[in-house]
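**Student:** Provided below are the primary sequence and the corresponding predicted coordinates.
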Amino acid sequence: MTGLHSGVDPYQPEPYRLERLDADEQQRRIAAFLATMTQRRSVRQFSAAPVPFSIIEAAVCAAALAPSGANQQPWTFVVVSDPALKQQMRDAAEAEERENYQRRMSQEWKDALAPLGTDWHKPHITTAPYVIVVFEQYYGLAADGARVKHYYVRESVGIAVGMLLAALTHAGLATLTHTPSPMGFLGELLGRPPNERPFLLIPVGYPAPDATVPTIAKKPLDQVLVHHAASGDPASR
Ligand code: IYR
């Protein structure tokens with residue numbers, strides 16, 4: 001590939017090495033990771049107990065390592081711990097959600113949500129010590145203000161959020177993936193620029209001592225994993 005504008009090839013590869021783990025170490029690590037991730041539940045009752053900001057910061061660093069379309073990193077993670085701002089976010093979210101539950105949502109949708117026990121009350125927004133609001137940059141802004149096309153924005157931000165949730169879970173924290181709808185109020189309240197759209201609101205903290213979660217099941221492996229192996233491969237199923 002040639003650099004059409006500057007004459008410098010924009011593709012500048014560098015060496016990459018990854019520590020090779022032996023099979024036992026690999027098994028140990030993946031089992032430990034799976035055990036940790038098995039603990040993750042969407043929590044709606046949080047403790048107000050404080051969490052060091054350095055943990056949130058490191059988790060956002062991990063999320064920001066995510067792969068993204070053309071490496072454009074089309075995300076902004078806005079962390080809110082200011083109680084007054086959390087209260088404003090909660091008030092606005094509850095106003096929308098009250099409309100949703102009382103008028104806008106179809107019976108089919110409410111039936112699908114019934115096993116989760118959700119309603120319009122959103123106390124987690126004010127109780128959790130942090131609320132991370134993830135924004136997607138659906139286009140970029142060049143230094144001169146020109147729009148820059150972004151690619152695979154939703155996929156990229158979704159991957160970054162997955163990594164964020166994994167990191168926070170790894171640090172022993174509870175999370176909720178909450179999408180108040182519509183959530184345009186978040187851009188206004190948090191003063192985000194016009195190229196950013198709210199993607200997800202994530203309260204983070206410890207579960208309240210008396211927190212409960214719905215009894216739900218994840219699909220068994222044979223319903224989510226399909227393996228096409230070479231015939232005769234002992235790992236084929
Ligand atoms: N946004 C609403 C409703 C809701 C929708 C889905 I899909 C969920 O998985 C859970 C809730 C709320 O937050 O209550």
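**Tutor:** Ah, there it is.
**Student:** which parts of this protein are helices?
**Tutor:** Secondary structure of the chain by DSSP state H: the helices cover 23-38, 53-63, 83-99, 107-113, 124-127, 153-170, 185-189, 221-224.
**Student:** so which residue is dead centre in the chain?
**Tutor:** Centroid-nearest residue in the chain: Val161, 2.5 Å away (criterion: Cα atoms, centre = their mean).
**Student:** for that residue, give me its contacts.
**Tutor:** By Cβ atoms under 8 Å, 6 or more residues apart in numbering, the residues touching Val161 are Ala63, Val134, Thr177, Phe199, Leu200, Ile202. Backbone N, C-alpha and C define where each C-beta goes, glycine included.
**Student:** so which of those residues comes closest to the ligand?
**Tutor:** Minimum distance to the ligand across the contacts of Val161 is 8.1 Å, recorded for Thr177 (Cβ to the nearest ligand atom).
**Student:** in terms of contact, does the closest one touch Val204 like I think?
**Tutor:** No. Using Cβ atoms under 8 Å, Thr177 is not in contact with Val204; the gap is 11.0 Å.
**Student:** and those two? which has more neighbours close in?
**Tutor:** Set Thr177 next to Val204 and count neighbours by other Cβ atoms under 10 Å: Val204 wins out with 26 against 12.
**Student:** which residues touch the nearest residue to that one once chain neighbours are set aside?
**Tutor:** Nearest non-adjacent residue to Val204, counting by Cβ to Cβ, 6 or more residues apart in numbering: Tyr130, 4.6 Å away. Contact analysis of Tyr130 by Cβ under 8 Å, 6+ apart lists Val51, Phe53, Ile56, Val79, Val80, Ser81, Pro203, Val204, Gly205.
**Student:** with Leu200 instead?
**Tutor:** Residues in contact with Leu200 (Cβ under 8 Å, 6+ apart) are Val133, Val134, Val161, Thr177, His178, Thr179.
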